[in-house]
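A.B. asks: return a 3D structure for these sequence lines:
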Amino acid sequence: MSSSGTESLIAARRRDTARRRQRVLDALGQLAAAGQEISVSSVARKAGVDRSFLYRHHDLRAQVHVRSAAPAASPASTAASKQSLLADLREQNQRLRRQNTDPTARLPEVLGEEAFRSSGIGRTDDTGALRTRVSQLEQQVLDLRQELEERTGDLDAARAANRGLISLANRKPSCAGES
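C.D. replies: As a prediction, the model looks like this:
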């Protein structure tokens, strides 16, 4: 491919990136103005871009995190290291697993108590309350599993972005004089 052809492709790619960056900034402003939830997923969905786009542009992702934490606060630094992001994701993943384990471990106990009471040996007036509680716990388990899947998706996107960055960093730089 000729040098001018390569330059025109690079220029087109930069224009496309600039348009998508502007859509992300507009979406972030719209979500904040509407008082809606601000997250990487919600901003990406509103802007019509993939979440990995936000993970590749650390400054945009940092703005999302700042807006989601405290809309009026201004960050001292918007750059986050890959290690700190991975550590945050691991910590969130472990916290979600603990939260998911608690209701899952308690569910057999609650079901056993309900079976005991429904057999007529225990008090029967608690059966409705127990069924309600079991339903709540089952819903909580489902919600936590869904949240864990979303976090896993975010982690996968971060890993993909990291692989892309590493492959870019490992490429042999080309000489400026070569065609």
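A.B. asks: so which elements touch the lowest-mean-pLDDT helix or strand in the chain?
C.D. replies: Here the helix or strand of the chain ranked lowest by mean pLDDT, DSSP states H and E is helix 82-118, holding a mean of 80. If you count contacts as 3 or more CB pairs under 8 Å, 6 or more residues apart in numbering; DSSP states H and E, helix 82-118 packs onto helix 127-170. C-beta: built from backbone N, CA, C; applies to glycine.
A.B. asks: flag the shaky bits of the protein, pLDDT-wise.
C.D. replies: 1, 70-80, 120-126, 174-179 (pLDDT under 70).
A.B. asks: the least confident helix or strand of the chain to helix 127-170, inter-axis angle?
C.D. replies: 160 degrees (axes from the mean of the first three to the mean of the last three CA atoms, to 10 degrees).
A.B. asks: residues of helix 82-118 that come out buried?
C.D. replies: Neighbour counts over helix 82-118 (16 or more other CB atoms under 10 Å) mark Leu85, Leu89, Leu96, Gln99, Asn100, Pro103, Leu107, Val110, Glu113, Glu114, Arg117 as buried.
A.B. asks: show me how the record splits this structure into domains.
C.D. replies: Domain assignment for the chain by automatic domain parsing gives 1-79, 81-179.
A.B. asks: just say which of the ones you listed is most tucked in.
C.D. replies: domain 1-79 (a mean of 14; mean count of other CB atoms under 10 Å).
A.B. asks: so what's the gap between that one and the chain middle?
C.D. replies: Distance of domain 1-79 from its chain centroid, counting by CA atoms, centre = their mean, to the nearest Å, is 14 Å.
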